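A.B. asks: okay, predicted coordinates and the sequence, questions at the end:
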Amino acid sequence: MLGGGGAETGRGRDVPAVLIWDLPGTNFPAHPPEFLDGKEGPGHEIRQLARTRTPEAAKATIRGRRGRPARGSSRGRRDARRSGSGTGSPASFPVTLHTGDKITVPVTFKPAVPAGVTGTLSFATPSASLPSTDVPLAGQGLSTGLYADAPAVQFALVGDHGQFLSWVPANISVPREMTITNGSAVPQRITSVSAPTAPYRVTGLPPAGTVLAPGQSFVVQVTITPHGQGVFNSSLSVAGSSGAGATVSLQSQGLAPVSQFTVSPSSLDLGSVPAGRRVEASFTITNSGNQPATAINSSGPGGPFRAEAAVLPGLPVNPSDDLTIRVGFTPPHKGRFSTRYQLVWKDSSGTHIVTVPITGTGV
């Protein structure tokens, strides 16, 4: 492990095979490998050097099996170092590892952000039983103080895959979580906390004086509930006893409330039906506004028309929710019949009524 406390040793398997050196990812740029003679036992390891805020280096080592040579080749750089008595000298792949020999790859860790990073250095072989020997790489980037997992957070309505749908309608609450971490190597005492202004509200902020151990975090939940149209930008800041503080920029916009139920079709005609016969048809009521609503009651239809199911009082109807109302018509005799269906609902702006005309003809 790079950048942590104490040395970490990864135990690998040694095989007599052709070894292919893969360059690790961009967070772990590798230096040219070295080929060293030695008498150490089988296995491979990654050694940590002293902790520092500058890029750190370690060595990934793989050795040949006792009594059997191993050959190696590189898919990465074509140069290596070969030595006797522990002194490195140039070598090229493929490389043969004799008893006690080892190939060493220095690895540099230069974190871009204060966070954990992982990678793998792979020595691949044509062996069917052991196609590769992997050296896991791990490092922890440090900061000089506190840091947030995201420097800026946007509050908006999003889809199932996180895609932006719209800004936040009035009276709708949108929560977000953010994590503040002590990224330094020493304890941090929280000296001050600055919460965002309304319409944001915050829970989970520790009081001033709280001590965070190195690597310790806390989670803050910030919720916005705009009460009207406007742009709402603010920030959340936490300062520690040394080094940098954590500041998160909060961005959002409020939309004007829209109270609207729409009906499709806007009226229902069940057509011409022989007397005594029964037909059914349906219409859909949709909350096409941007405010959560609640059904209060429904009435109708009357006469030879009957709704197959009633809308229960208190039923929530959120934006984009819909209600499908199925209506049966059994004309008792010839003639034109008409009625209506009504749904009473309420939202943040008051109580509303939606009416659906219904007709049918007995033949």
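C.D. replies: Here it is on my side, so go on. Residues are numbered from 1 along each chain as shown.

A.B. asks: mind checking the end-to-end distance for stretch 254-271?
C.D. replies: Stretch 254-271 has an end-to-end distance of 46 Å (criterion: Cα to Cα, to the nearest Å).

A.B. asks: for that stretch, buried residues please.
C.D. replies: For stretch 254-271, burial by neighbour count (16 or more other Cβ atoms under 10 Å) applies to G254, L255, P257, S259, F261, V263, L268, L270. Placement of C-beta: from N, CA and C, glycine included.

A.B. asks: tell me which entries of those residues lie within helices.
C.D. replies: The members of these all map outside helices under DSSP state H.

A.B. asks: may I see the domains of the chain written out as residue ranges?
C.D. replies: The chain breaks down by automatic domain parsing into domains covering 18-140, 146-255, 261-362.

A.B. asks: mind listing what the closest residue to N290 other than its chain neighbours touches?
C.D. replies: With Cβ to Cβ, 6 or more residues apart in numbering as the criterion, N290 has its nearest non-adjacent residue at 3.7 Å, and that residue is P169. Contacts for P169 (Cβ atoms under 8 Å, 6 or more residues apart in numbering) come out as L157, P226, G254, L255, A256, P257, V258, N290, Q291, P319.

A.B. asks: which ones among these map onto strands?
C.D. replies: Among these, the members falling in strands (DSSP state E) are L157, G254, L255.

A.B. asks: save these as a markdown table, and put in pLDDT and distance to M178 too.
C.D. replies: Shown next, in a markdown table, are those (pLDDT from 0 to 100; distance: Cβ to Cβ, whole Å):
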| residue | pLDDT | distance to M178 |
| --- | --- | --- |
| L157 | 94 | 19 |
| G254 | 97 | 21 |
| L255 | 96 | 24 |
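
A.B. asks: number of nearby residues for E280?
C.D. replies: 12 (other Cβ atoms under 10 Å).

A.B. asks: what is the neighbour count of T359?
C.D. replies: Residues lying near T359 (other Cβ under 10 Å) number 16.

A.B. asks: beta-bridge partners for it, please?
C.D. replies: D269, S338 (DSSP bridges).

A.B. asks: my read: it touches V273, true?
C.D. replies: No. Applying Cβ atoms under 8 Å, one finds T359 not in contact with V273, separated by 11.4 Å.

A.B. asks: could you tell me the least trusted of the domains of the chain?
C.D. replies: Mean pLDDT per stretch puts domain 18-140 lowest among those, at a mean of 55.
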